[in-house]
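*Asks:* How does the following fold in three dimensions:
(2 chains)
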Amino acid sequence: METAFDTGPGVSLWRCYLLDTRCELLRLLREPMYIIPTLLFPALFYVMFGLLLGGRGSSEAARYLLATYGVFGAMGAGLFGFAVTLSIDRERGFFALRRALPAPPSAWLVSRLLIAMLFALAIVLELATLATVFGGVTLAAGQWALLWTITVLGALPFCAIGLLLGSIASANAAPAWVNLLFLPMAFLSGLWLPLSMLPGIFAKLAPLWPAWHLAQIALGVTGQAGATPLWLHLLVLCVVTVACCVLALRRLARAV
Amino acid sequence: MTQENGYRQRRWPAVAAVVALVAVLGVAVAVAGRQQATDSTAKPATDGTFAIRNARIFDGVEVIERGTVLVRDGLIEAVAADVAVPDGITVVDADGKTLLPGLIDAHVHAWGDAQQDMLRFGVTTALDMHGMPERLPALRTQRESTAPGAQADLWAAGYAVTAPGGHGTQYGFPVPTVDADTDIPAFIAARVAEGDDFIKLIVEDLSGYASGRTLPTLDAAQVRAVVDAAHAHDRIAVAHVSTQSSAREVLDAGIDGFVHVADDAVVDDAFVADVARRDVFVVPTLVVIASVAGSDAGRTLAQDSALSPWLTPEQRDSLGARMSTAPKPQRLADAIDSVRRLHAAGATILAGSDAPNAGTAQGASLHGELALLVQAGLTPRQALVAATSAPAARFGIVDRGRIAPGLRADLVLVDGNPLDDITATRRIHTVWKNGARVERTKPAAALAAGAVPGDTRISDFETGLDAGFGSWAPTTDQMAGGASTVAHARIEGGANGSAGALSVAGEIKTGFAFPWSGVIFFPAAQAMQPADLSSRGELVFRVRGDGRRYNALLFSGASPTAMPAMQGFEAGSEWAEVRLPLSGFAGADLSQVRGIAWTAGQPEGTFAFALDDVELR
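*Replies:* Below is the predicted model of the structure:
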């Protein structure tokens, strides 16, 4: 495969990425199993727990959960988008097919990263609309922009975790594995309710979960973060991303 | 390159990735765990063992610019610039803050929620200058305990010593008094037996107030006998005075301290010299003199942004009130001048508020007093001594007042440096009582007064006790421990031939100093909730009765326990209309009316009257 093919003039790498992204997006949009939980559940949960239950009387809960459900959404987009599709693609022999196609191998990765971030963006915009209209949450323009940026980029570590899961699990097992990781981590990271409402041991163990670190960064924007320093959260998220990528790529190199 | 070699070469990234993952998560748990432990605002120190680090420490006498205090089991274990802090205990980082001994208010009258109110403002101990003695054993037990508490501790005078009908007898509880025939040594022995920690005597004939009234008071011989008897029982004797002449008389009797500075004139040189020579202390209580002088110092204090959120509605009312509304700025100026002269001569000055007199509030007013003491020439450090180690030393209190090993861990951490700016004492960060962090909760704000319907008619009792708005209820002094009774009911036959009226009948019995019995109308949906009646001008009703004189009481204001305003009316044998202008209820706040009562009071005996056609126009 070292031979250089003539891809013709004017077909840039970016165009390949965009085409791949469009095709992948179309595929996912036709897949209610992915699109409904990923795009609707964070908003639905936010309405139920943030606005109907917790938001009455004060916008404190609405603000806290705005940040944490954004993280919840980004996490779902990253984990499901990668783990499930990767395991399916692997089992269907899609990678063997791709190798025969005149498409850059990186396009598979880039398109999925873009889609995960796009979905994360859609989720935070949904939440922002709900929070301002029904939750009485007001943030400065800079805070909104920062919160969205953090949440969208925050999908990346979970893409990496998803990549690792998808490289290990079979297509049948992948959704189960993802849920097994996704739901407990969301709860234990204080995404559904503040950890101060749980026994102290959960707060002690929270730094084990990448979602907690991302939530702390997001809560820093809404002014509700704990006392741990920002560098620690960034370090953990970077290391998790890189380590999962390394492990996954190694696994893929052997298995595909 | 063989396949085998290829794998071997690529194995290290995976191992490195796993190691890095484990390492970083381990570091995260460790760092975050440490952070949680040192985050003092998140984790209350409940185990009684903790260290406060990097604080400026005022130990009651001296200042350590940056030091550590170690507390164990409710007691101070160590204090120094450098103290070894054992591993695993809670550490409070007090960088930029100042640690003080729990404050001592050397002049209070504590009842109700006073001890909780004090603690919220960092006053962990107070000296009660006149009150009922039944509680003295309980106060002693409380202050000897090192269990975590939610109250300030008290040392108390029990009953103050005064003459029959003199100052101190007007507060609604019976007070034993000293007259010409009293065996004073036996009298003081009885007080000491009740548990008095010190003897307070009152020398007050009102001559300093130019009010035209005079009060009976102790004469010089009685004062001397009281002081001697107190000393015979190893109790110090302190005195309430308000004039130079009585201060001189008490000083010559051998008094140990004054619990006010006389404010009828500036102290003269001879008096200052004598006070200093005899080492007599003075608790000036400038905050209450400011109130007597008609200044709005209390109101200003209530608006201080550091104090205001922690005041209850009752405290706010009390700070907003004044002993006198006629401004007499000279009184306060003279008092401050006297303190300046006494202090310059070396006399010991102690900080006391005389709370909760009008213009003061428990706890909060001690911070006002500290500022006034600084205004009178004390340095901030001397003012802090006057509220910590000095009162402890003068009243023989050995287990507190300083931050020193073995003493009780009553501590106040404030933002900033009160040694530069005395008002920094108000910016309280944390209070510890007996080594336990005090949960300072902001009192609930007074409920907003509800609007009432525009209807002027309250009740005509044609069919029942229904009202256009609000409701009716019986009210008697039983809620204050009295024994008076009442029954109220709709009866047939009302004023002007109408169908019904409200009958109120009962009996005034002894049991409470100010007995009452009758009915009360609550204008809001719930009892004693405020309603806005500021658009109404007149209370109109028809009444018939036994010829006795009755009172209409109007309860209003931010506090549900405030004294009501009162207007009298007669209830003759024929129906008659009574019109009481609401402006006649002196001092009432018509924007927050909590209740209007029709009651009988003294003398004892049965009473009966009927009401009809009650209106608020």
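
*Asks:* The residue in the stretch 101-250 of chain B that chain A sits nearest to: how many residues sit nearby?
*Replies:* Closest residue of the stretch 101-250 of chain B to chain A, C-beta to the nearest C-beta: residue B:148 (19.8 Å). C-betas here are computed from N, CA, C, even on glycine. Neighbour count of residue B:148, defined by other C-beta atoms under 10 Å in any protein chain shown: 15.

*Asks:* I'd like the distance between the closest residue to it other than its chain neighbours and residue B:596.
*Replies:* Spatial nearest neighbour of residue B:148, chain neighbours left out: residue B:436 (3.2 Å); criterion: C-beta to C-beta, 6 or more residues apart in numbering or on different chains. According to C-beta to C-beta, to the nearest Å, residue B:436 stands 45 Å off from residue B:596.

*Asks:* Would you mind telling me which of those two has more residues around it?
*Replies:* residue B:596 (27 against 22).

*Asks:* Residue B:521 is in contact with the more buried one, correct?
*Replies:* Yes: between residue B:596 and residue B:521 there is a contact under C-beta atoms under 8 Å: 4.9 Å.

*Asks:* if we can go back for a sec, how about the contacts made by the residue of the stretch 101-250 of chain B closest to chain A?
*Replies:* Contact partners of residue B:148, counting by C-beta atoms under 8 Å, 6 or more residues apart in numbering or on different chains, are B:46, B:48, B:74, B:433-436.

*Asks:* Can you name the helix or strand that residue 249 falls in?
*Replies:* Because you didn't say which chain, this covers chain A. helix A:230-255 (DSSP states H and E).

*Asks:* nope, chain B please
*Replies:* helix B:244-252.

*Asks:* follow-up on the earlier one: does the residue nearest to residue B:148 really touch residue B:75, like I thought?
*Replies:* No: Residue B:436 lies out of contact with residue B:75 (C-beta under 8 Å); the separation is 11.9 Å.

*Asks:* Can you pull the residues of chain A lying near chain B?
*Replies:* A:196, A:203-208, A:213, A:226-229, A:232, A:235-236, A:239-240, A:242-244, A:246-247, A:250, A:253 (C-beta under 8 Å from any C-beta of the partner chain).

*Asks:* circling back: restrict the contacts of residue B:148 to the buried ones and give me that as a ChimeraX selection.
*Replies:* Buried subset of those, written as a ChimeraX selection, criterion 16 or more other C-beta atoms under 10 Å in any protein chain shown:
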select /B:48,74,433,434,435,436
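
*Asks:* Out of the contacts of residue B:148, which comes closest to chain A?
*Replies:* Among those, residue B:46 lies closest to chain A (C-beta to the nearest C-beta), at 12.3 Å.

*Asks:* what's the pLDDT at the closest one?
*Replies:* Per-residue pLDDT puts residue B:46 at 45.

*Asks:* now the residue of the stretch 251-400 of chain B found nearest chain A, what's its secondary structure?
*Replies:* Residue nearest to chain A within the stretch 251-400 of chain B: residue B:309 (17.1 Å; C-beta to the nearest C-beta). Recorded secondary structure, residue B:309: helix (DSSP: H, G, I helix; E, B strand; the rest coil).

*Asks:* Could you check how far it is from residue B:251?
*Replies:* 43 Å.

*Asks:* So the two - more neighbours on which side?
*Replies:* residue B:251 (17 against 11).

*Asks:* Just confirm the more buried one contacts residue B:278, I think it does.
*Replies:* Yes: using C-beta under 8 Å, residue B:251 is in contact with residue B:278, at 7.1 Å.

*Asks:* The nearest residue to residue B:121 once chain neighbours are set aside: how many residues sit nearby?
*Replies:* Once flanking residues are discounted, residue B:121 sits nearest to residue B:363: 2.9 Å by C-beta to C-beta, 6+ apart. Other residues near residue B:363 come to 31 when the count uses other C-beta under 10 Å.

*Asks:* Next, the contact list for residue B:363, please.
*Replies:* B:105, B:117-123, B:152, B:355 are the contacts of residue B:363 under C-beta under 8 Å, 6+ apart.

*Asks:* now swap in residue B:117 and tell me
*Replies:* Contacts of residue B:117 by C-beta under 8 Å, 6+ apart are B:312, B:315, B:361-363.

*Asks:* Same question for residue B:106.
*Replies:* Counting by C-beta under 8 Å, 6+ apart, residue B:106 touches B:126-127, B:259, B:283, B:350-352, B:387, B:391, B:395.

*Asks:* helix/strand/coil for it?
*Replies:* strand.

*Asks:* Could you tell me the model confidence score at it?
*Replies:* 97.

*Asks:* Could you tell me how many residues sit around residue A:205?
*Replies:* Using other C-beta under 10 Å, residue A:205 is surrounded by 16 other residues.

*Asks:* Which other helices and strands does the helix or strand containing it contact?
*Replies:* Here residue A:205 sits within helix A:200-205, counting by DSSP H and E. Packing partners of helix A:200-205 (3 or more C-beta pairs under 8 Å, 6 or more residues apart in numbering or on different chains; DSSP states H and E): helix B:3-38.

*Asks:* phi, psi of residue A:75?
*Replies:* Residue A:75 adopts backbone torsions of phi -60, psi -50, taken as degrees, to the nearest 10.

*Asks:* my read: it touches residue A:184, true?
*Replies:* No: Residue A:75 is beyond contact range of residue A:184, at 11.9 Å (criterion: C-beta under 8 Å).

*Asks:* Surely the residue of the stretch 251-400 of chain B closest to chain A touches residue B:441?
*Replies:* No: assessed by C-beta under 8 Å, residue B:309 is found out of contact with residue B:441, at 10.4 Å.

*Asks:* quick one, helices of chain B?
*Replies:* Secondary structure of chain B (DSSP state H): helices at B:3-38, B:114-120, B:136-144, B:184-194, B:220-232, B:244-252, B:269-278, B:286-292, B:297-302, B:313-320, B:329-344, B:364-375, B:380-386, B:389-394.

*Asks:* ranking these by mean pLDDT, which is last?
*Replies:* Minimum mean pLDDT among the helices of chain B: helix B:3-38, a mean of 75.

*Asks:* one step back: go through the helix holding residue A:249 and flag the buried ones.
*Replies:* A:232-233, A:235-237, A:239-252.

*Asks:* Show me how far that helix is from its chain's centre.
*Replies:* Centroid displacement of helix A:230-255 relative to its chain, using C-alpha atoms, centre = their mean, to the nearest Å, is 14 Å.

*Asks:* That one - contacts with which helices or strands?
*Replies:* Applying 3+ C-beta pairs under 8 Å, 6+ apart, one finds that helix A:230-255 makes contact with helix A:141-168, helix A:210-221, helix B:3-38.

*Asks:* Tell me which of those helices sits nearest to residue B:139.
*Replies:* With distances scored as C-beta to C-beta, the stretch of the helices and strands packed on helix A:230-255 nearest to residue B:139 is helix B:3-38 (36.6 Å).

*Asks:* Is the residue in the stretch 51-200 of chain A that chain B sits nearest to in a helix, a strand, or coil?
*Replies:* When distances are taken as C-beta to the nearest C-beta, the stretch 51-200 of chain A reaches nearest to chain B at residue A:196, 7.9 Å away. The three-state label given to residue A:196 by three-state DSSP is helix.

*Asks:* Counting neighbours, what do you get for the nearest residue to it once chain neighbours are set aside?
*Replies:* Leaving out its chain neighbours, the residue that sits closest to residue A:196 by C-beta to C-beta, 6+ apart is residue A:203, at 7.1 Å. If you count neighbours by other C-beta under 10 Å, residue A:203 ends up with 21.

*Asks:* separation between residue A:203 and residue B:428?
*Replies:* 27 Å.

*Asks:* next one: residue B:383
*Replies:* 16 Å.

*Asks:* Isn't residue B:318 up against residue B:354?
*Replies:* No: here residue B:318 lies out of contact with residue B:354, judged by C-beta under 8 Å, at a distance of 11.6 Å.

*Asks:* Overlap of the contact sets of those two?
*Replies:* By C-beta under 8 Å, 6+ apart, residue B:318 and residue B:354 have these common neighbours: residue B:360.
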